[in-house]
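Participant: build me a model from this:
(one chain, ligands or ions: 1)
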Amino acid sequence: MRSEFLPFSTPTIEDAEINEVVDSLKSGWITTGPKVKRFEDEFKAYVGAPFAVPLSSATAGLHLVLLALGIKEGDEIITTPMTFASTVSIPVLCGAKPVLVDIEPGTLNIDATRIREKITPRTKAIIPVHFAGQSCDMDPIFALAKEFGLTVIEDAAHAAGTEYKGTRIGTLDSISIFSFHPNKNMTTGEGGMVCTPDETVAEEVSLLKFHGMSREAWKRFAASGTPNYDIVMPGFKYNMMDIQAAIGIHQLPKLDRFIDRRKEIAEFYNREFADVAELALPAYAPYAQRHAWHLYTPLVRVEMLSIDRDGFMAELKKENIGTGLHYKAVHHHAWYREHLPQAAGSLPNADYASDRILSLPLFPKMSDNDAADVVTAVKSVIARTRK
Ligand SMILES: *Cc1c(COP(=O)(O)O)cnc(C)c1O
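Facilitator: Reported below is the predicted structural model:
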């Protein structure tokens, strides 16, 4: 057994990030400033988006995007149950009703063929989530959006660097929202980015993110700015700080290398687990895409074992292997069981995955030995709990 605990994820922070943060701290300019502007420009160029707005988190981005689109009481928003809570909680907090569509059993992405049946006259938007960094099938989603006049908002929290049929997520004709939480493929500590070709949406999100002050308001204490400012509308406090952007500008150039290493480890797991009947491995989508391998999420076939998924995670912990849970399906959480009772029993693929899924360690700093330890531990837990 490993002598040291292996966490499921940990960010790769090197001297460049640390020195840049120290530079910000010493410069006297800590909050939104020139480094945020530089990070915005460089991220925008990387994904190929015409407009980008840096924010304090992806959750903040989702909130402002829904407000910018005028989402209100009674509107319906279609999304997936296999996501982090904020994808669904933010529509609820805006007064909208989340409408959950079942997932594909292999990729765990929203099943695009099942969306049409959930569209009503109240539907305003579709939020596909690129699960684990693998692109949803966007062509049929865009076709439906066009047919019914809906907005597509991509939850791209897992998808920095993901590509769909040769196009990078962030470039498509939609609004995409990235997260830079420490577990994500690149980090700014906390942080998020809204990318879109729609200048009106970008402008509105930009105003709402900082008290409704006009776009260049951060300069009001700088030599090039003026201390006066105007409030164009009531706004929030969702701006990204230079301290955060300082990390991001050194993470971004490493993103492709991070993804390559993640892929190497994921494919090692795929090979090592290929013959393990007790695991259902993540499937590649049938269309051309670049998987960013944010997560490695096999399903444990618990019916073949004497323990359930939580028991499996506990056994791995005894072997000093950390795991994550991405995700317990949204409609299995207490609030949604009470307020979205119609979801119960109607999403069989999500129900199946929700009770069996776990995230194995996957991060660029992992060594080959670490990955081999994970395989050994998983196989040993299966061997001793097999029915
Ligand atoms: C992490 C995550 C979010 C939220 O991102 P934050 O930056 O933490 O607000 C939203 N959706 C999904 C799918 C995520 O994984």
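Participant: count the neighbours of the residue lying closest to Ala246 once chain neighbours are set aside for me.
Facilitator: Nearest residue to Ala246 in three dimensions, chain neighbours excluded: Glu20, at 3.9 Å (C-beta to C-beta, 6 or more residues apart in numbering). Just so you know, the C-beta spots here come from the backbone N, C-alpha and C atoms, and that holds for glycine as well. Summarising burial for Glu20: neighbours were counted as other C-beta atoms under 10 Å, giving 19.
Participant: what comes up buried for the helix or strand containing Glu20?
Facilitator: Assigned by DSSP states H and E, Glu20 belongs to helix 15-27. Buried residues in helix 15-27, counting neighbours by 16 or more other C-beta atoms under 10 Å, are found at Glu17, Glu20, Val21, Ser24.
Participant: now, which of those residues sits nearest the ligand?
Facilitator: Distance to the ligand across the buried residues of helix 15-27 (C-beta to the nearest ligand atom) is lowest for Glu17, with 17.8 Å.
Participant: that closest one contacts Pro253, correct?
Facilitator: No: counting by C-beta atoms under 8 Å, Glu17 sits too far from Pro253 to count as a contact (11.0 Å).
Participant: now distance to the ligand and pLDDT too, for the buried residues of helix 15-27, in TSV please.
Facilitator: Converted to TSV, the buried residues of helix 15-27 look like this (distance: C-beta to the nearest ligand atom, whole Å; pLDDT from 0 to 100):
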residue	distance to the ligand	pLDDT
Glu17	18	98
Glu20	20	98
Val21	19	98
Ser24	20	98
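Participant: near the ligand, which residues of the protein are found?
Facilitator: Counting by C-beta under 6 Å from any ligand atom, the chain comes close to the ligand at 57-59, 83-84, 86-87, 129, 155, 157-158, 179, 181, 192.
Participant: restricted to helices, list those residues.
Facilitator: Mapping the residues of the chain next to the ligand onto helices (DSSP state H) picks out Ala58, Thr59, Ser86, Thr87.
Participant: can you map out the helices along the protein?
Facilitator: Ranges of helices in the chain, per DSSP H, are 15-27, 34-47, 58-68, 86-93, 138-148, 199-208, 242-251, 255-272, 309-318, 334-339, 348-354, 368-385.
Participant: what about stretch 354-364, start to end distance?
Facilitator: End-to-end span of stretch 354-364 (C-alpha to C-alpha, to the nearest Å): 26 Å.
Participant: just how off-centre is it within its chain?
Facilitator: Distance of stretch 354-364 from the chain centroid (C-alpha atoms, centre = their mean, to the nearest Å) equals 14 Å.
Participant: do the same with stretch 148-167
Facilitator: Taking C-alpha atoms, centre = their mean, one finds stretch 148-167 lying 11 Å from the centre of the chain it belongs to.
Participant: re earlier: ok, the residue nearest to Ala246 to Gln251 distance?
Facilitator: Here the criterion is C-beta to C-beta, to the nearest Å. By it, Glu20 lies 10 Å from Gln251.
Participant: counting neighbours, what do you get for Arg2?
Facilitator: 14.
Participant: contacting residues for it?
Facilitator: By C-beta atoms under 8 Å, 6 or more residues apart in numbering, the contact set of Arg2 is Glu319, Asn320, Ile321, Asp373, Ala377.
Participant: what mean pLDDT does stretch 165-175 get?
Facilitator: Average pLDDT, stretch 165-175: 96.
Participant: which residues touch it?
Facilitator: For stretch 165-175, the external contacting residues (C-beta under 8 Å, 6+ apart) are 46-49, 65, 130, 135, 138-139, 142, 151-154, 156, 159-164, 176, 178, 194-198, 201, 287-289.
Participant: go again using 6 Å as the cut-off
Facilitator: Among residues not part of stretch 165-175, those counted as contacts by C-beta atoms under 6 Å, 6 or more residues apart in numbering are 47-49, 65, 152-154, 156, 159, 162, 176, 195-196, 201, 288.
Participant: hang on, the earlier thing: quick one, the helix holding Glu20 and helix 34-47 angle?
Facilitator: Orientation of helix 15-27 against helix 34-47 (axes from the mean of the first three to the mean of the last three C-alpha atoms, to 10 degrees) gives an angle of 150 degrees.
Participant: residues touching Pro197, list them.
Facilitator: By C-beta under 6 Å, 6+ apart, the residues touching Pro197 are Pro50.
Participant: go with 8 Å
Facilitator: Applying C-beta under 8 Å, 6+ apart, one finds that Pro197 lies in contact with Ala49, Pro50, Phe51, Asp173.
Participant: relative to Glu154, how far out is it?
Facilitator: 12 Å.
Participant: same question, Pro91
Facilitator: When distances are taken as C-beta to C-beta, Pro91 and Glu154 turn out to be 15 Å apart.
Participant: likewise Asn228?
Facilitator: 38 Å.
Participant: the more surrounded of the two?
Facilitator: Glu154 (27 against 6).
Participant: what number of residues lie near the residue lying closest to that one once chain neighbours are set aside?
Facilitator: Closest residue to Glu154 apart from its sequence neighbours, by C-beta to C-beta, 6+ apart: Ser176 at 4.0 Å. For Ser176, the count of nearby residues is 29 (other C-beta under 10 Å).
Participant: do Ser56 as well
Facilitator: By other C-beta under 10 Å, the residues close to Ser56 number 22.
Participant: let me see the contact set for it.
Facilitator: Counted by C-beta under 8 Å, 6+ apart, Ser56 has contacts Glu190, Gly191, Gly192, Lys237, Tyr238, Asn239, Met240, Gln244.
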